[in-house]
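S.K.: Give the three-dimensional model of this entry:
(one chain, ligands or ions: 2)
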Amino acid sequence: MTTTFSSLPVVDVGPLGSPSGASKDELAALSNRLYEVFATTGFAYLVNVPLSYKHEEVFKMSREFFALPEEEKMKLSKRSFRRDHHNTYRGYFPTQPELANDNLKEGFEMGPAQPIPTQSTTSPSSKFNLAEPNVWPDATIFSFQSQLETLYAELQTLASKLLSLLAVSLGKPENYFAPYLNDSLSTLRLLHYPAVASAASGSKPMESDEVKLSCTPHTDSGILTLLHQDSTGGLEVRNSTGEWVAAPYIPESLVVNIGDLMAKVSGGRFVATMHRVRAPGLRPSASSIASQNSESSALGRISVPFFFEPGENCLVRSVDGDEGFVLYGEHVREKMKTWVEFQDDVDN
Ligand SMILES: O=C(O)CCC(=O)C(=O)O
Ligand SMILES: [Fe+2]
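M.R.: Ligands and ions are numbered 1, 2, ... in the order given. Just a heads-up that it's a prediction; the model follows:
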């Protein structure tokens, strides 16, 4: 269960990036702290993150991607949008206003840079190849492929360090989650929520029945999410009394949260908390003016979630060992049936 929080906690993960390595005491303190936040809010800001790119660079790469001509982006679209394409899981998805106007977003998803050997899937007849290679725009029109691959690798390393700390906090050895790293299918997703004329600015309170959303309330399905969000505002996290608590922008921070599967793995000790995103308005919000980034709001919101995911054949079970198990690939295929970016695939 979540608690009655009114803001998200902030966790300083500086020791993880220390060139001399974190001390035993620092790691123990961090492990306890992460346990505490994931057992209560399920969400936190991480500050002093060990990543080499600044927010400005991450959002620049994302904006350049979304500024590409529609035709170029559609060349990368998943097969569910262009029947003659081979990519089923990685690539671009356009906005689908006709399906869900409270889920108005376009996105570009990439997996590991090194192709994973084809896995013996749990559903051989499935039309989704979770292990397929990435697709990229032509280098002449988009020059950030290698930077995004580096960002992906750094986020994967950070996620694995966090998982070691979580393992210890759950009474397991620090390498307990090492099997989750084998053929890991983690996803880096660039997201753009276009500005919506009727939406209020992200910082202005609205009555709940008039809130315009661009991402409907959900919990993340997997293990751990590490989110870059720009200064537009709009992310909200639900507390135990049902209130939506704003998660405003904190410069250079990442938002971290627990997914459904990790809540199960933790034996119910960690909580996968419901969250949503308000539609960005056309006018700049107060928070974006304050950060001298008013352009971001006019263009909509950019966020870049990284979903840490195990390999397709990873056996995922509770640390208590008493609730059976699921193969990760089975879990994700089941979840895909509810995701808007796969919704036009009627028979998946
Ligand atoms: O854009 C955001 O801030 C949140 C995105 C999100 O919750 C998701 O993609 O699962
Ligand atoms: Fe989410």
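
S.K.: What parts of the stretch 151-300 of the chain come near ligand 1?
M.R.: Of all the residues in the stretch 151-300 of the chain, those in contact range of ligand 1 (Cβ under 6 Å from any ligand atom) are 191, 215, 220, 227, 229, 235, 275, 277. To be clear about C-beta, it is placed using only N, CA and C from the backbone, and glycine gets the same treatment.

S.K.: Was I right to think residue 159 contacts residue 307?
M.R.: No - if you go by Cβ atoms under 8 Å, residue 159 and residue 307 don't touch, sitting 9.2 Å apart.

S.K.: List the residues that are in contact with both of the two.
M.R.: Common neighbours of residue 159 and residue 307, using Cβ atoms under 8 Å, 6 or more residues apart in numbering, are 186, 223, 224.

S.K.: Ligand 1: which of those is nearest?
M.R.: The closest of the shared contacts of residue 159 and residue 307 to ligand 1 turns out to be residue 224 (Cβ to the nearest ligand atom; 11.9 Å).

S.K.: How about residue 189: which residues does it bridge to?
M.R.: residue 109 (DSSP bridges).

S.K.: Could you report the separation of it from residue 274?
M.R.: Residue 189 sits at a distance of 19 Å from residue 274 (criterion: Cβ to Cβ, to the nearest Å).

S.K.: For the closest residue to ligand 1 within the chain, list the residues it contacts.
M.R.: Closest residue of the chain to ligand 1, Cβ to the nearest ligand atom: residue 303 (3.3 Å). Contact analysis of residue 303 by Cβ under 8 Å, 6+ apart lists 191, 193, 227, 228, 229, 230, 235, 277.

S.K.: same thing but at 10 Å, please
M.R.: Going by Cβ atoms under 10 Å, 6 or more residues apart in numbering, residue 303 touches 58-59, 62, 105, 107, 189-193, 215, 227-230, 232, 234-235, 255, 277.

S.K.: Please apply the same query to residue 259.
M.R.: Applying Cβ under 10 Å, 6+ apart, the residues contacting residue 259 are 42, 219-225, 265, 270, 272, 307-309, 335.

S.K.: Now for this protein: which helix has the highest residue count?
M.R.: Longest helix in the chain, counting residues (DSSP state H): helix 145-169.
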